[in-house]
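Participant: structure for the following, please:
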Amino acid sequence: MPIINRIAAFHAEMTEWRHDLHAHPELALQETRTSAVVQQKLKEFGVDEVITGLARTGVIGVIRGRGGSDRAIGLRADMDALPIHEETGVPYASENPGVMHACGHDGHTTMLLGAAKYLAETRNFDGTVYVIFQPAEENLAGGEIMVKEGLFQRCPMEMVFGLHNWPQLPAGTFGWRHGPIMAAVANIEITVTGKGAHGALPHHGVDPIVVAAQIVSALQSIVARNIEPVEGGVVTIGHINGGHTYNVIPETVHMKGTARWFRPEVGDQLEDGVRRLATGIAASFGARAEVVFDRAYPATVNDPDATDLTIKAATTVAGSERVRHMGKPTMGGEDFSFMLNAKQGSYIMLGAGRGKGDAMVHHPAYDFNDEILPVGASYWASLVEQLLPAK
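Facilitator: Below is the predicted model of the structure:
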């Protein structure tokens, strides 16, 4: 069965919404305009209630079906953008310098708005749907904040579902997995303190740059030599800052990085390895290393029964040949994991196809594929109508 006809009829309108959101991106927990737009749209659609205030800018639309069932499910989309300078060249490019929708959250918000418009209009289900527009997916764990501030107490639901556009899959296809689909995430900070000196007289100091270089190389041995080969794990240093000029050995070097894993035991091994190697190597050079290993997001783990329901809905929209099992999870992280830790549910990928110049998510040239807007909205609507069938 193809895209729902009614949703296809307002594809152009959804595209306009998406372009407006894209042109006005906002960082985590600063999504005031985006939140206001979502609230306005939901009220225009005639949803039964609009809940605000969770995680500062979060919005929840409440849509009740035709019957009197007390069953309920939640559908979640994220709203925030990234601190990236846009290089797409599109007419609707970011008007906020240094901020852009490089992960497709503008598309996620639009697809859920499209589903909300359809569901509020048709009411072809029995029960309650909560459309959850979550802030701060990028780095600040808006999903965790919403859960802690009482999302599931204020909006009691059986299950909660999430979706992400995925350029690695052809446009309009779906990717699913039972169990882990995205990794746990830790943010790493290492500060190496040595002794500053003249660059021509290194024997008068303790060079923290040399120490940092040794630490970066050694950290790669953790996964290669401490983690069981069949397990997944990543340690990456993505930022090093130390010194200001040619001929001065600085006092300190600051490094930032990330660790990823699926099983909690592997996370423990990675943390132990990072701390042990950084402090030990620094001490061996006569320096000191301070390590922060901040566990930001747990792994995103799909409930098998809930995932089977998503497969059925995706197949209804795209056909069985375009609903594909993902053989491997991704090392990307997701704060939807906090919702799945609190409530039964599942997270699915919607193929977006490669963008301009093969740009992937988190790239300055990435732009969401508007052609999949009605696909995602139809998926949400089909999931609701199948899980909460009208009597």
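Participant: all the helices of the stretch 51-200 of the chain, residue numbers only.
Facilitator: With DSSP state H, counting those that start in this stretch, the ranges of helices along the stretch 51-200 of the chain come out as 105-122, 142-148, 151-154.
Participant: among the ones you listed, which is nearest residue 269?
Facilitator: Closest approach to residue 269 among those (Cβ to Cβ): helix 142-148, 23.8 Å. C-beta coordinates here come from the backbone N, C-alpha and C atoms, glycine included.
Participant: list the contacts of the closest one.
Facilitator: Helix 142-148 is contacted by residues 28-29, 54-55, 58, 76, 78, 80, 132, 134-137, 335-339, 342 when judged by Cβ atoms under 8 Å, 6 or more residues apart in numbering.
Participant: what's the nearest residue to residue 325 once chain neighbours are set aside in contact with, if anything?
Facilitator: Of all residues not flanking residue 325 in the chain, residue 176 sits nearest, at 6.3 Å (Cβ to Cβ, 6 or more residues apart in numbering). For residue 176, the contacting residues are 302, 307, 310-311, 314, 323-326, 346, 348-349, by Cβ under 8 Å, 6+ apart.
Participant: now residue 176: how far from residue 206?
Facilitator: 52 Å (Cβ to Cβ, to the nearest Å).
Participant: any low-confidence regions in the protein?
Facilitator: 1, 355-357 (pLDDT under 70).
Participant: work out which residue lies at the spatial centre of it.
Facilitator: In the chain, the C-alpha nearest the mean C-alpha coordinate belongs to residue 334, at 4.0 Å (Cα atoms, centre = their mean).
Participant: just checking, that one touches residue 162?
Facilitator: Yes: using Cβ atoms under 8 Å, residue 334 is in contact with residue 162, at 7.5 Å.
Participant: joint contacts of those two?
Facilitator: residue 347.
Participant: isn't there a strand covering residue 255?
Facilitator: Yes: assigned with DSSP: H, G, I helix; E, B strand; the rest coil, residue 255 falls within a strand.
Participant: could you chop this protein up by domain?
Facilitator: For the chain, automatic domain parsing gives the domain ranges 5-167+352-387, 183-297.
Participant: what's the first-to-last distance across the first one?
Facilitator: To tie it back to what came earlier, the one meant is domain 5-167+352-387. Using Cα to Cα, to the nearest Å, one end of domain 5-167+352-387 lies 20 Å from the other.
Participant: quick one: distance of that domain to the chain centre.
Facilitator: 12 Å (Cα atoms, centre = their mean, to the nearest Å).
Participant: kindly provide the distance from residue 90 to residue 96.
Facilitator: The value you get for residue 90 to residue 96, if Cβ to Cβ is used, is 15 Å.
Participant: spit out the contact partners of residue 306.
Facilitator: 159, 161, 344-346.
Participant: residue 98 versus the residue nearest to the centre of the chain, what's the distance?
Facilitator: For residue 334, the distance to residue 98 equals 24 Å [Cβ to Cβ].
Participant: then residue 266?
Facilitator: For residue 266 relative to residue 98 (Cβ to Cβ), the value is 35 Å.
Participant: neighbour-wise, which of the two wins?
Facilitator: Taking neighbours as other Cβ atoms under 10 Å, residue 266 and residue 98 compare with residue 266 leading, 22 against 12.
Participant: quick one: secondary structure of the more buried one?
Facilitator: Secondary structure, three-state DSSP: residue 266 is helix.
Participant: surely it and residue 229 touch.
Facilitator: No: shown here, residue 266 and residue 229 do not form a contact pair, counting by Cβ under 8 Å, at 11.8 Å.
Participant: contacting residues for residue 358?
Facilitator: Contacts for residue 358 (Cβ under 8 Å, 6+ apart) come out as none.
Participant: check residue 303 too.
Facilitator: Taking Cβ under 8 Å, 6+ apart as the test, what residue 303 contacts is 159, 340, 344-346.
Participant: how about a cut-off of 6 Å?
Facilitator: Residue 303 makes contact with 344, 346, according to Cβ atoms under 6 Å, 6 or more residues apart in numbering.
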